[in-house]
Structures are given as structure tokens and as C-alpha cells.
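Trainee: Structure, please.
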Amino acid sequence: MDNFSPVWSAIELGWNFSQKKFPEIDSGYSVSRVSVEHRGAYEIMGETGQREAALDTRLRDSALSQLDYPAVGDWVIHTKNARHDRRVLITEILERDSIIIRRSPKQEPIPQIVATNVDILGIVTSADQPLDERRLERYLVTAFSSGVVPVLIVNKSDLKGTVQRANYVRTQYPELEVLETCGIHGSEGLGIQEITGDGLTVALTGSSGVGKSTLVNRLLGEDIVRTGEVRADGTGRHTTVRRQMFALDAGGVVIDTPGLRELQLWDGSGLNLVFPEISEFVDLCRFSDCSHNEEPGCAVLEALSSGLISESRISAYQDLSHDLKELRTQIEIYERSKRHRRDARP
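Mentor: Numbering: from 1, shown residues only. Below is the predicted model of the structure:
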């Protein structure tokens, strides 16, 4: 890669000096941001340009889980001078302001980082695909649990039904910001520009075929990310196969992510924020571990029978609560199995 051009300052890549002190480092080191994650290698962006990087041995050996490795969006300290393979060495991952995590698609119950240091999670949908409210709820729980602000982006506003979908979501989720965009018509009036720039880090997620990569290209002003056609049944093909961060001329960055067929939760701390009308009754239940199914003294079920909560919402809440409980059980079994295997070693 070209080690001289282009280069980016920390401010251009989203570092907020008014809220976070910049690290003091030796002259032989620099601070950059991870833009692409490969198997065993990384691409980083910063004041020394766009570089290829690898992990320092000490950092790699100290990692206890996937969460201890660099991910797209991370700020890292690295050597300025490259090794013989032209890669600089990442020696430290700076403290993360936020971390978006989902359960890995692998069989083992382990976490997978989607992106870090994100300010806004743009959940992209489009009128030519059915609105999956259960999936939307999972995105919202993930966003709130990760400490980022969710924004729903209804793309392809030139299609019939876009306004109706946007208004429906606004009715169902009054506190959720909803934008209508049309990436194919160029950057003018794009809509998504309302939440980009000013040093913000915006990650785009959603199903395949909703136009995430097209939106990224419009923001960049050129076709850098490959886009694909939508099948006749409305589903999309996976054209984005990796997470990648891009710097915007207006400042800040956008992170493009592959289309997700499913989103399995890892952290449920944001559940009550997605279901506020239910959470206000949860603490009133007679039993602290109430599952809100058939227990006596369940304030949630009483609210349901009184018409204060809709049946569809309580059903969605119960499903997500059950999934999170199952996940905790699977993690306990997995960790116990790992300890047994470790203890059995000679």
C-alpha cells in the first residue's frame, strides 16, 4: 500500500479531542484506526497513511477472547516502521467508547464484534422487502446494549410504499429517528447525510439488497463499494463480504457491513429500552425471576389483560427474553466444558 498518500488526521477519522484525551506515545509509534479486518492481518488509516498491519506478539498472546483482538473501528497504537513483510505492528488497542456485538454464527456461544467506537447504527430497510419487526427489535436491542444511537433508514424512497413504511415505524417507535433515502439518485438530498459528518462514526447494517453499499458509494461520491442486483423475490445478494470503514470528506467515517440473514443477540441490557411499556411493569411482578408467562402476581400479564400492553409486543419481549436466557445457559455450559478440558491436560 502507499505509505504516503492519502493521510488522515485523528479529527478527520472521528477522534473527539473535547471528550477524550489523545494518548501520549513515543516518536516511533503512531495512532491509526482499523478500517478492514482480515484473518491475522488488518488495514489501518491514520496520519501515516493507509497501512497493512499485524498484531504484536505480546498483544496476541495476551488475548483471552475475540473481544481482545482489534476490530473495524478500533483506535490502535502501532509502530511507524514496517517489518520485512511491509506490515506495521499493532501494540495496543485503545479503550473503546462503544462496541457492537452479536453472537457469532458459529456453533459455539461466543461473541463477534461488528464494529467499535460507533456513534450511530443505521438500520437500513427498503420498501421492496417486507419489514421484519422481530429483526428490527433485535437490531434495536443490540444498538442500545452497545451504547450507540439507532436510526432507521428507509432506503429507495423512489419506490411506492416508502412513506407508508416510514410513518408506520414512527408510530410504533416514537423515539426512533427515521430517515427516508434514495441512494441511486446521487448524494443530493440523500437523507443519510443528516447523521454523517461532524466527526461521527456511522455503521450501516441490514439485510442484503436494501442498498447499504449504494448509500456508502453516494456518501463517498464515487463507486468504491461493489453493489448487486436484487432477486425477483425481493431478496438481495451478498455483495459486501467484509466490514470496511471509509473516511468521508465532511469528516467522520462510515462503516459498511455485510448483509445479515439473522442477528443473534449477545447482550440484552438494552431490552427494556426497546419495550418501555413493558419494562415499567417488570419490577412490579411478585417474583424477581418472573418469566411473564403464567406466574401469579405477574404485573406484566395484568397489564396485558387490562389492555395496557399489546399481545404482539409481549410475545416479542418473551421471545427475546427466552433467547437471552438460553444464551446464558449455553455460555455457562461452554465455559464449564472449556475448564474441564483445560484441567484434564497433563
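
Trainee: Which helix or strand lies directly C-terminal to the helix or strand bottoming out on mean pLDDT in the chain?
Mentor: Across the helices and strands of the chain, mean pLDDT, DSSP states H and E gives its lowest value to helix 212-220, namely a mean of 85. Following helix 212-220 in sequence order, the next helix or strand is strand 244-247 (DSSP states H and E).

Trainee: averaged over its residues, what pLDDT does that following strand have?
Mentor: Throughout strand 244-247, pLDDT has a mean value of 94.

Trainee: I'd like to know which elements that strand is packed against.
Mentor: strand 29-38, helix 212-220, strand 253-256 (3 or more Cβ pairs under 8 Å, 6 or more residues apart in numbering; DSSP states H and E). C-beta here means a position set from N, CA and C on the backbone, and glycine is covered the same way.

Trainee: got the contact list for it?
Mentor: Surrounding strand 244-247, the residues in contact under the criterion Cβ atoms under 8 Å, 6 or more residues apart in numbering are 8, 12-13, 33-36, 45, 72-73, 115, 216, 219-220, 224-225, 253-256.

Trainee: residues in contact with the nearest residue to Arg83 once chain neighbours are set aside?
Mentor: Once flanking residues are discounted, Arg83 sits nearest to Leu89: 6.9 Å by Cβ to Cβ, 6 or more residues apart in numbering. Counting by Cβ under 8 Å, 6+ apart, Leu89 touches 53-56, 78-79, 83.

Trainee: would you list these in CSV and tack on secondary structure?
Mentor: Listed next are those as CSV, based on DSSP: H, G, I helix; E, B strand; the rest coil:
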residue, secondary structure
Ala53, strand
Ala54, strand
Leu55, strand
Asp56, coil
His78, strand
Thr79, strand
Arg83, coil
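
Trainee: and which of these is nearest Leu204?
Mentor: The nearest member of those to Leu204, counting by Cβ to Cβ, is Ala53 at 24.0 Å.

Trainee: thinking that closest one is in contact with Gly46, fair?
Mentor: No. Counting by Cβ atoms under 8 Å, Gly46 is not a contact partner of Ala53; they are 10.2 Å apart.

Trainee: shared neighbours of these two, anything?
Mentor: Ser32.

Trainee: just checking, Asp267 touches Phe144?
Mentor: No. Contact criterion Cβ under 8 Å: Asp267 and Phe144 do not qualify, at 9.3 Å.

Trainee: Identify each buried residue in the strand or helix carrying Phe144, please.
Mentor: Secondary structure assignment for Phe144, by DSSP H and E: helix 133-146. Within helix 133-146, the residues scored as buried using 16 or more other Cβ atoms under 10 Å are 135-146.

Trainee: low pLDDT regions in this structure?
Mentor: 1-5, 183-190, 225-241, 259-261, 345-346 (pLDDT under 70).

Trainee: all helices of it, in order?
Mentor: Counting by DSSP state H, the chain has helices at residues 57-62, 133-146, 162-172, 212-220, 271-274, 276-282, 299-305, 311-343.

Trainee: isn't Ala303 right next to Val282, touching?
Mentor: No. Judged on Cβ under 8 Å, Ala303 makes no contact with Val282 at a distance of 10.0 Å.

Trainee: nearest to Arg313, of the contacts of Leu89?
Mentor: Set against Arg313, the nearest of those by Cβ to Cβ is Leu55 (44.6 Å).

Trainee: Now for the closest one, how many residues are close by?
Mentor: Neighbour count for Leu55, taken as other Cβ atoms under 10 Å: 21.

Trainee: Looking at the helices of the chain, which is nearest to Asp289?
Mentor: Closest of the helices of the chain to Asp289 is helix 311-343, at 9.7 Å (criterion: Cβ to Cβ).
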